[in-house]
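> Starting from these lines, generate the structure:
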Amino acid sequence: MPQLDRVEVSPAALTNALNDPGTSALYTGETARTHGIWYDDTNERSLYSAASNCTGPPGFEVLEDETIDVNSTALDGGGGFNLTHLPYRKTSLGSCAYLLLHNFIRSKKIFEVVRENGGFTKLTDKHPSYEMGSLVA
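From the prediction side, this is the model:
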């Protein structure tokens, strides 16, 4: 792993930048094939919509952008997720539960590595939908 303590990061303004899979690659050091995030708008054949109660044929459009926020026009996203816009999955107990984006990624993130070694991390973004990077899976 590169010497991250020697990397100097300067703020940059990005316009029309995509959230994924590039951000996931940066957070994990892996490609989309390994971390599982192919785009910020994908169809996942194993997940369900909120209205389905995890019955019927699976298949759900997973969105990883501000459209899943309570209020996508508010700077803070309205303070949470609109649960009807999240993917749902069957649990091991047979119930139906929503899947938060930080649990969707299949790889360990740099934030987890730092915390496991006694460090502290923080990532802030304008919308709750971008919480994937800062939370532990």
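> Where do the helices of this structure begin and end?
Secondary structure of the chain (DSSP state H): helices at 22-28, 32-35, 110-116.
> quick one, what contacts the closest residue to R45 other than its chain neighbours?
In space, R45 comes closest to G59 once its chain neighbours are excluded; the distance is 5.4 Å by CB to CB, 6 or more residues apart in numbering. No exception for glycine: its C-beta is placed from N, CA and C like everyone else's. Counting by CB atoms under 8 Å, 6 or more residues apart in numbering, G59 makes contact with 43-45, 47-48.
> circling back to that earlier point, most tightly packed of the helices of the chain?
Among those, judged by mean count of other CB atoms under 10 Å, the one packed with the most neighbours on average is helix 22-28 (a mean of 18).
> coming back round to it: quick one: closest of the helices of the chain to G77.
G77 lies closest to helix 22-28 among the helices of the chain, at 16.9 Å (CB to CB).
> Give me the contact list for the closest one.
The contact list for helix 22-28 (CB under 8 Å, 6+ apart) reads 30-32, 34-35, 37, 105, 107-111, 132-133.
> Which single one of those is nearest to I68?
Nearest to I68 among the contacts of helix 22-28, with distances taken as CB to CB, is M132, at 11.3 Å.
> pLDDT-wise, which helix or strand of the chain ranks last?
Lowest by mean pLDDT, DSSP states H and E among the helices and strands of the chain is helix 22-28, with a mean of 78.
> Pull out the buried residues from the contacts of G59.
Neighbour-count burial (16 or more other CB atoms under 10 Å) applied to the contacts of G59 gives 44, 47-48.
> nearest to S95, of these?
Using CB to CB, Y48 is the member of the buried ones among the contacts of G59 that lies nearest S95, at 11.9 Å.
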